[in-house]
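Participant: What follows is a predicted protein model with its sequence.
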Amino acid sequence: MINVLEVPYKSIEVEIAEHEVQIISEGNKITFVTENGELKEGVVTGFKGSKADKVEVEIIPSGAGHKEIWKVTDLVEGSLKLVEDEG
């Protein structure tokens, strides 16, 4: 499970290392690993839930035409990262 610290409007604050926080917002391209070992990459289209341990991340996976919703409890700790745009 990733450690969500805060759930501000249209974003989440995620602990990526001890005393290091990253903000993930709608429209960001992210990557993460599920508890089943599946690597996912896509664009964040929204967040559901207001409690840090109940948040769900809604993405459109790269190359897909559908949305997927993932609970933060189903993501491997430390695996949620922003993908930097190339170019």
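Facilitator: Nice, thanks for sending it over. Numbering: from 1, shown residues only.

Participant: thought residue 26 was touching residue 48?
Facilitator: No: counting by Cβ atoms under 8 Å, residue 26 does not reach residue 48; the two are 11.8 Å apart. (Glycine included, C-beta is placed from N, CA and C.)

Participant: and residue 55, how many residues sit next to it?
Facilitator: Look at residue 55: counted by other Cβ atoms under 10 Å, it has 19 neighbours.

Participant: Kindly report the same for residue 4.
Facilitator: Close neighbours of residue 4, defined as other Cβ under 10 Å, add up to 23.

Participant: and if you look at residue 16?
Facilitator: Counted by other Cβ under 10 Å, the residues lying close to residue 16 total 17.

Participant: Could you verify my assumption that residue 76 touches residue 31?
Facilitator: No: in terms of Cβ under 8 Å, residue 76 does not count as a neighbour of residue 31; the distance is 11.3 Å.

Participant: ok, the least confident helix or strand in the chain by mean pLDDT: who's next to it in the sheet?
Facilitator: Using mean pLDDT, DSSP states H and E, the weakest-scoring helix or strand in the chain turns out to be strand 3-6, at a mean of 73. Paired with strand 3-6 in the same sheet, following DSSP bridges, are strand 11-17 (antiparallel).

Participant: Span of stretch 5-18 from start to end?
Facilitator: 12 Å (Cα to Cα, to the nearest Å).

Participant: Show me the strands in the chain, by range?
Facilitator: Assigned by DSSP state E, the strands in the chain fall at 3-6, 11-17, 20-25, 29-33, 39-48, 56-61, 68-71, 81-82.

Participant: Please name the spatially closest residue to residue 15 (chain neighbours excluded).
Facilitator: residue 3 (4.1 Å; Cβ to Cβ, 6 or more residues apart in numbering).

Participant: Sorry, wrong one. I was asking about residue 39.
Facilitator: Among residues not flanking residue 39 along the chain, residue 33 sits closest, at 5.6 Å (Cβ to Cβ, 6+ apart).

Participant: Pretty sure that neighbour sits against residue 74.
Facilitator: No: in this structure, residue 33 is not within contact of residue 74 by Cβ under 8 Å, at 10.0 Å.

Participant: what sits against the residue nearest to residue 15?
Facilitator: Residue 3 is in contact with 14, 15, 52, 77, counting by Cβ atoms under 8 Å, 6 or more residues apart in numbering.
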